[in-house]
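**Student:** here is the input, now give the coordinates:
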Amino acid sequence: MSTSVTIGPLYRADAERCSALEERLFPGDDPWSPQAFRDAVTSGQLYLAARVRGELVGYAGLAVVAGPPQAEAEVHTIGVDPDWQGHGIGRALLAKLLEAADQLQATVFLEVRTDNEPARTLYESCGFTVVGVRKRYYRPSGADAHTMRRDRVAR
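**Tutor:** Purely as a prediction, here's the structure:
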């Protein structure tokens, strides 16, 4: 990253900005509302923000859905402001999510649009593999999603 990016907690106060980014990032689908972000941030799961000079430029969330001994987690969302894509921000956010999952030795799952080649390439470079397809997963566009999995990392 050429610009100093700070990764830290996502706050309820970030909900409006996150929702506005969702609308830019996922037109034609059902972007998260500000309330959905507020609920996610207070859910007890891991939600992170990427900031440049205090401005929120990305967000990510991970939910632990099963605990040890066979822990599982799901990447709920990753979004980076289109003006900041290509600077390694999505990779940095994903790395922090995976770091948390690795502490639990969790298998991690996610869904990604089948036509989102940049995101799928990022996930594959971090150890995810396609394990299935969910037909018409995204609404209202009806776009398909790949289900991807990253096996737990032994400690």
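**Student:** now do the strands in this structure.
**Tutor:** For the chain, the strands defined by DSSP state E occupy 6-9, 46-52, 55-66, 72-80, 107-113, 129-134, 145-150.
**Student:** return the distance of the top helix by length along the chain from the chain's centre.
**Tutor:** The longest helix of the chain (DSSP state H) is helix 89-103. On the basis of C-alpha atoms, centre = their mean, to the nearest Å, helix 89-103 sits 9 Å off its chain's mean C-alpha point.
**Student:** what does stretch 40-51 give?
**Tutor:** Worked out by C-alpha atoms, centre = their mean, stretch 40-51 lies 10 Å from the chain centre.
**Student:** and what of stretch 23-41?
**Tutor:** With C-alpha atoms, centre = their mean, you get 12 Å for stretch 23-41.
**Student:** and that stretch, which residues are buried?
**Tutor:** Using 16 or more other C-beta atoms under 10 Å as the burial criterion, the residues of stretch 23-41 that qualify are 25-26, 29, 31-32, 34, 36-38, 40-41. (C-beta placed from N, C-alpha, C; glycine too.)
**Student:** mean confidence for that stretch?
**Tutor:** Taken as a whole, stretch 23-41 has an average pLDDT of 93.
**Student:** extract the CA atoms of that stretch and return them as PDB.
**Tutor:** The C-alpha trace of stretch 23-41 is given here as PDB (Å, rounded to 0.1, in the frame of the first residue of the first chain):
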ATOM      1  CA  GLU A  23     -24.800   1.100  -3.100                       C
ATOM      2  CA  ARG A  24     -21.800   2.000  -5.300                       C
ATOM      3  CA  LEU A  25     -20.200  -1.400  -5.100                       C
ATOM      4  CA  PHE A  26     -23.200  -3.600  -5.600                       C
ATOM      5  CA  PRO A  27     -25.700  -1.800  -7.900                       C
ATOM      6  CA  GLY A  28     -28.500  -4.100  -9.000                       C
ATOM      7  CA  ASP A  29     -28.300  -6.200  -5.800                       C
ATOM      8  CA  ASP A  30     -29.600  -5.600  -2.400                       C
ATOM      9  CA  PRO A  31     -27.000  -3.400  -0.600                       C
ATOM     10  CA  TRP A  32     -26.900  -3.500   3.200                       C
ATOM     11  CA  SER A  33     -28.800  -0.700   4.800                       C
ATOM     12  CA  PRO A  34     -27.300   1.600   7.500                       C
ATOM     13  CA  GLN A  35     -29.400  -0.400  10.100                       C
ATOM     14  CA  ALA A  36     -27.900  -3.700   8.800                       C
ATOM     15  CA  PHE A  37     -24.400  -2.300   9.400                       C
ATOM     16  CA  ARG A  38     -25.400  -1.000  12.900                       C
ATOM     17  CA  ASP A  39     -26.700  -4.400  13.700                       C
ATOM     18  CA  ALA A  40     -23.600  -6.200  12.400                       C
ATOM     19  CA  VAL A  41     -21.300  -3.900  14.400                       C
END
